[in-house]
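# requesting a structural model of the entry that follows:
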Amino acid sequence: MTEILSVSKVRQAEALGKNVLIRGWVRTKRDSKGFSFLELNDGSSFGNIQVIAQENLENYETEVKKLTAGSSIAVWGTVEKSPGAKQPTEVHATKIEIYGFAPDTYPLQKKRHTLEFLRTISHLRPRTNTFGAVARVRNRICASIHQFFQEEGFYYIHTPIITASDCEGAGEMFQVTTLNLQNLPLTDKGEPDYAQDFFGKPSFLTVSGQLAVENFACALGKVYTFGPTFRAENSNTSRHLAEFWMVEPEMAFFELPENMELVERFLKRIIGDVLRDCPEDMAFFNDHMDSEKTLVARLTKIVESTFQKCSYTQAISILEKADREFQFPVKWGIDLQSEHERYLTEVHFNGPVIVYDYPKDIKAFYMRLNDDGKTVRAMDVLVPGVGEIVGGSEREYRPEVLENRMLEMGLNPADYWWYLDLRRFGTVPHSGFGLGLERMVMLITSVQNIRDVIPFPRTPGSADF
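Numbers count the residues shown, from 1 in each chain. From the prediction side, this is the model:
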């Protein structure tokens, strides 16, 4: 009996002696007298399976010997014990079928390619060791996110991609319209006539699902949304994308301390799952992506640490007393920069830290105002090697305070009538946070450019495929 198995399954000792069918892409081929060695990968694991193809195969001379890197094949054969020390098994082929040859112009030859070059062929880069590993780790992170919240009794809510609300109030939104831009309809005042647009009003791609998911938190208790978000920010940096994924839980009756406790368990769960389930991929990232080769040790320390807590005011005091000069001067009221965050985590606290109670003027309108009138119940989770990884807050649930905050920040409360209704009708304390999926993948893989941890990066001037 022939079993159809993945490469990852065939590489296990449990597969010894089985007759199998495996399918994938040739990574390398080496010919010897009377037989060939093929390295085959199907994406199911970091490592390849070695296939021994003897010259007695029917198509050995006509096809097998002509195989090149990138060719796709099916292999029938027996799983045997490998004499090599690097893997326990190999497959002795009894039949090989070629699906598609790859010509010599195939761009992924057996050499190291730069990440910059691979961005120019992002349709092929998943076949490389690096991007296959990134994809598997990203998948494990996503699975862990859902598993964690489902086990915690949360409900998964699909919030809208198209919205009329600017969650952050920054105005950096992609507009969605069906108006003819070559012949734009105008009002009597010479302004675009949005009454003729599809939704009858200006609409945009969402920057966050938070405001919408709060509707369900105020009805179902504990909820989360996980989906794509968009920022029309013209930033060509290694940390910004125009399209990225966010997970945003929202919890009724949670105040800031409960929020902090939840986010600590959440991050530890994700990292722990990846370390346990992706050991080969993580060994690669540790040895080839992390300059100090301490990635796995740093992540293990996060899982085993107790996150320390520090108010923003305390953090500023620590930075002012630091025995170094920062590029961005430190004073109360500034937004902490990456260099400040990394000093706190890597030097002062030597581990993860949650900074809370930020100045209201540098935070969003929906964050609960503290009694001092100067700070809000916001929190940022900072980790070594990256800095901020999560931002969250207790939400402002007092309708009159929330409306005043909107006015202070130049927002029209009438545009958020439904959001204010949540506070008018049975308001409750509630909290939440947001985790950018790509930032989490960067933390876990030590990949330094955010464009290399998302399948198809969307950046200013770039929207291929």
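
# can you pull the contacts of Gln210?
167, 225, 248, 250, 366, 432, 434 (C-beta atoms under 8 Å, 6 or more residues apart in numbering). Using the backbone N, CA and C atoms, a C-beta is placed for each residue, glycine as well.

# state the distance from it to Glu248.
Gln210 is 5 Å from Glu248, where distance means C-beta to C-beta, to the nearest Å.

# re the thing from before, got TSV for the contacts of Gln210, with secondary structure and distance to Gly100 too?
Shown next, in TSV, are the contacts of Gln210 (DSSP: H, G, I helix; E, B strand; the rest coil; distance: C-beta to C-beta, whole Å):
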residue	secondary structure	distance to Gly100
Cys167	coil	46
Thr225	strand	40
Glu248	strand	42
Glu250	strand	48
Tyr366	coil	53
Gly432	strand	48
Gly434	strand	43
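
# that older thread, which residues are common contacts for Gln210 and Glu248?
With C-beta under 8 Å, 6+ apart, Gln210 and Glu248 have common neighbours 225, 432, 434.

# are any of the residues you listed buried, and which?
225, 432, 434 (16 or more other C-beta atoms under 10 Å).

# nearest to Gly387, of the residues you listed?
Gly434 (15.3 Å; C-beta to C-beta).

# that closest one touches Ser393, doesn't it?
No: the pair Gly434 / Ser393 is not scored as a contact, 9.7 Å apart, by C-beta atoms under 8 Å.

# local confidence estimate at the residue lying closest to Met440 once chain neighbours are set aside?
The shortest distance from Met440 to any residue other than its chain neighbours is 5.9 Å, reached at Ile141 (C-beta to C-beta, 6 or more residues apart in numbering). According to the prediction, Ile141 has pLDDT 98.

# do the same with Pro126
For Pro126, the pLDDT comes out at 95.

# roughly how far does it sit from Phe456?
Pro126 sits 10 Å away from Phe456, going by C-beta to C-beta.

# re earlier: quick one: contacts for the residue nearest to Met440?
270, 273-274, 437, 440-441, 444.

# please redo it, this time with the cut-off set to 10 Å
247, 270-271, 273-274, 278, 435, 437, 440-441, 443-445 (C-beta atoms under 10 Å, 6 or more residues apart in numbering).

# so of these, which ones are in helices?
Under the assignment DSSP state H, the contacts of Ile141 contribute 270-271, 273-274, 437, 440-441, 443-445 to helices.

# just the buried members of those?
Members of the ones in helices among the contacts of Ile141 classed as buried by 16+ other C-beta under 10 Å are 270-271, 273-274, 437, 440-441, 443-445.

# just send those back as TSV, with pLDDT too.
Shown next, in TSV, are these (pLDDT from 0 to 100):
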residue	pLDDT
Ile270	98
Ile271	98
Asp273	98
Val274	98
Leu437	97
Met440	97
Val441	97
Leu443	96
Ile444	98
Thr445	98
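
# dump the residues you listed to CSV, plus distance to Asn41.
Shown next, in CSV, are those (distance: C-beta to C-beta, whole Å):
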residue, distance to Asn41
Ile270, 26
Ile271, 26
Asp273, 23
Val274, 20
Leu437, 25
Met440, 26
Val441, 21
Leu443, 26
Ile444, 22
Thr445, 19
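
# tell me the one of those residues nearest Gln337?
Nearest to Gln337 among these, with distances taken as C-beta to C-beta, is Leu443, at 17.8 Å.

# that closest one and Val401, how far apart?
35 Å.

# ok, now Pro460?
In terms of C-beta to C-beta, Pro460 sits 37 Å off from Val401.

# specify the beta-bridge partners of the closest residue to Asp42 other than its chain neighbours.
Excluding its sequence neighbours, the residue lying closest to Asp42 (C-beta to C-beta, 6+ apart) is Gly24, at 3.3 Å. For Gly24, the beta-bridge partners under DSSP bridges are Ile73.

# might you report the residue contacts of the residue in the chain sticking out farthest from the centre?
Computed with C-alpha atoms, centre = their mean, the residue of the chain farthest from its C-alpha average is Asn56, at 47.9 Å. Asn56 sits next to 34-35, 94 when contact means C-beta under 10 Å, 6+ apart.

# any of those residues buried? List them.
Phe35.

# now the contacts of Asn56 in TSV, with pLDDT, secondary structure and distance to Ser305?
Formatted as TSV, the contacts of Asn56 follow (pLDDT from 0 to 100; DSSP: H, G, I helix; E, B strand; the rest coil; distance: C-beta to C-beta, whole Å):
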residue	pLDDT	secondary structure	distance to Ser305
Gly34	93	coil	57
Phe35	95	strand	52
Thr94	98	strand	52
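
# and the contacts of Asn56, which is closest to Asp287?
Phe35 (31.5 Å).

# how many neighbours does the residue nearest to that closest one when sequence neighbours are not counted have?
Spatial nearest neighbour of Phe35, chain neighbours left out: Gln54 (4.8 Å); criterion: C-beta to C-beta, 6+ apart. Using other C-beta atoms under 10 Å, Gln54 has 13 neighbouring residues.

# am I right that Gln54 is in contact with Thr78?
No: if you go by C-beta atoms under 10 Å, Gln54 and Thr78 don't touch, sitting 11.9 Å apart.

# which residues are common contacts for these two?
Counting by C-beta under 10 Å, 6+ apart, the residues touching both Gln54 and Thr78 are 92-94.

# just the closest of the residues you listed to Asp104, please.
For those, the nearest to Asp104 is Ala93 (23.7 Å; C-beta to C-beta).

# strands along the stretch 351-465 of the chain, start to end?
353-359, 375-383, 387-394, 430-436 (DSSP state E, counting those that start in this stretch).

# in JSON lines: those strands, plus distance to Leu205.
Below are those laid out as JSON lines (distance: least, C-beta to C-beta, whole Å):
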{"stretch": "strand 353-359", "distance to Leu205": "27"}
{"stretch": "strand 375-383", "distance to Leu205": "25"}
{"stretch": "strand 387-394", "distance to Leu205": "20"}
{"stretch": "strand 430-436", "distance to Leu205": "16"}
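
# who wins for proximity to Ser44 among these?
Going by C-beta to C-beta, the one of those nearest Ser44 is strand 430-436, 27.0 Å.

# understood, closing this out.
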